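>>> give me the fold of what follows.
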Amino acid sequence: MTDEKCEWRGWREATEAALYGPDGFYLRPEGPAGHFRTSVHASPLFAAAIARLLRTTVEELGTLADDPVIVDMGAGRGELLSGVLAALPPGFPVRAYAVERAARPEGLDARIEWTHQAPHGVSGLLFANEWLDNVPVDIAEVDDDGVVRQVLVHPDGSERLGQPVTGNDARWLARWWPLEEPGARAEIGWPRDEAWAGAVSTLSAGLAVAVDYAHTAQARPLFGTLTGFREGREVRPVPDGSCDLTTHVALDACALPGAVLTSQRESLRALGVAPQRPPLSQATTDPSGYLRALSAATEAAELLLPGGLGDFSWLHQRVPTGAAGA
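I've put the predicted structure just below:
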């Protein structure tokens, strides 16, 4: 194989190396928060809502959750778990696991166990906020003759079409994202389906939730969703470790039997997040309280905003007793 051929590879392999290889984007000390804001970074109201979801899940499990856990998939630098623990009542009995490839950050709450894999056979809440969109996938495109081919990428971000898509890739596309029109593209999502099924299987009972920008079969994007992010800005996706590489998730394909898909607006409202402005009269009687309440209302509005964070999809997966390893 020539050096030129070695430089061209599928997006799944290129993304894996760029994000998680030596000096990969997600292994940098600043972590994701150095480059973009998620709901976790937008407001502590988000972590407080997840704390309420954890408490509800534990209450529903009853004696099945004598040793309950919360597992954060793709934990970044532990921001969500830190916020959840701060929002829980003192002494609430829960073990917290941060699942992340990067090294444990200094100064993290000692109650958080840092691990590269989710614990198996546990009961409680597994939460994956913007995790699946960074599970690398290959990309397919229809050529001028109507043939669906793998998209190959060079380290500089330029692309060309490779061999026709076959096997598991072709079967997944036929089932979940059929391509016909020349130039149409799709992200081949079965690695995410498998990643989510594997995460869910670690629970013996409880609830697993995946939160991501997503689409369903009724509204697949014609040209896919691949993009990059660096220092708060959307940039050209280049697999050299200089930027985040992300694509939206076909969450309907990830869903296991019994799953429920909702929007972030629906889910957070059900958990008590509401942009309710305080009465103006409070500004006179309690100025500090008024400012705090106004700030909370503004943060809640951002979390629920149509066209923004409110458009995230939530995949709720109940796990019946004894389901681990099934």
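>>> could you pull out the helices for the stretch 51-200 of the chain?
79-87, 167-176, 190-200 (DSSP state H, counting those that start in this stretch).
>>> for the longest one, the distance to its chain's centre please.
Relative to its parent chain, helix 190-200 has a centroid offset of 12 Å by CA atoms, centre = their mean, to the nearest Å.
>>> nearest the middle, which residue of this structure would you pick?
Closest residue to the average C-alpha location of the chain: E130 at 1.8 Å, with CA atoms, centre = their mean.
>>> hmm, that one is touching D212, no?
Yes: in this structure E130 lies within contact range of D212 using CB atoms under 8 Å: 5.8 Å. Yep, even glycine has a C-beta here, placed from its N, CA and C like the rest.
>>> still on that earlier bit, kindly provide the distance from the residue nearest to the centre of the chain to Q264.
Relative to Q264, E130 is positioned 11 Å away (CB to CB, to the nearest Å).
>>> and for H154?
Counting by CB to CB, the gap from H154 to Q264 is 36 Å.
>>> tell me which of these two has more neighbours.
Remark: of H154 and Q264, Q264 carries more neighbours, 23 against 16, as counted by other CB atoms under 10 Å.
>>> name the nearest residue to the more buried one, sequence neighbours excluded.
Of all residues not flanking Q264 in the chain, F312 sits nearest, at 4.0 Å (CB to CB, 6 or more residues apart in numbering).
>>> Q317 is in what secondary structure piece?
Element membership for Q317, per DSSP states H and E: strand 313-319.
>>> next SSE downstream of the lowest-mean-pLDDT helix or strand in the chain?
Ranked by mean pLDDT, DSSP states H and E, the weakest helix or strand in the chain is helix 3-7, scoring a mean of 61. Next in sequence after helix 3-7, counting helices and strands by DSSP H and E, comes strand 9-10.
>>> I'd like to know which elements that next one is packed against.
strand 148-153 (3 or more CB pairs under 8 Å, 6 or more residues apart in numbering; DSSP states H and E).
>>> the strand it packs on relative to helix 167-176, how many degrees between them?
For strand 148-153 against helix 167-176, the angle by axes from the mean of the first three to the mean of the last three CA atoms, to 10 degrees is 110 degrees.
>>> what's strand 148-153 in contact with?
Residues from elsewhere that reach strand 148-153 (CB atoms under 8 Å, 6 or more residues apart in numbering): 8-11, 14, 138-143, 159-165, 169-170, 173, 179, 185, 239.
>>> run the last query once more with 7 Å
8-11, 14, 138-143, 159-165, 173, 179, 239 (CB atoms under 7 Å, 6 or more residues apart in numbering).
>>> among those, name the buried ones.
9-11, 14, 138-142, 159, 161-162, 165, 173, 179, 239 (16 or more other CB atoms under 10 Å).
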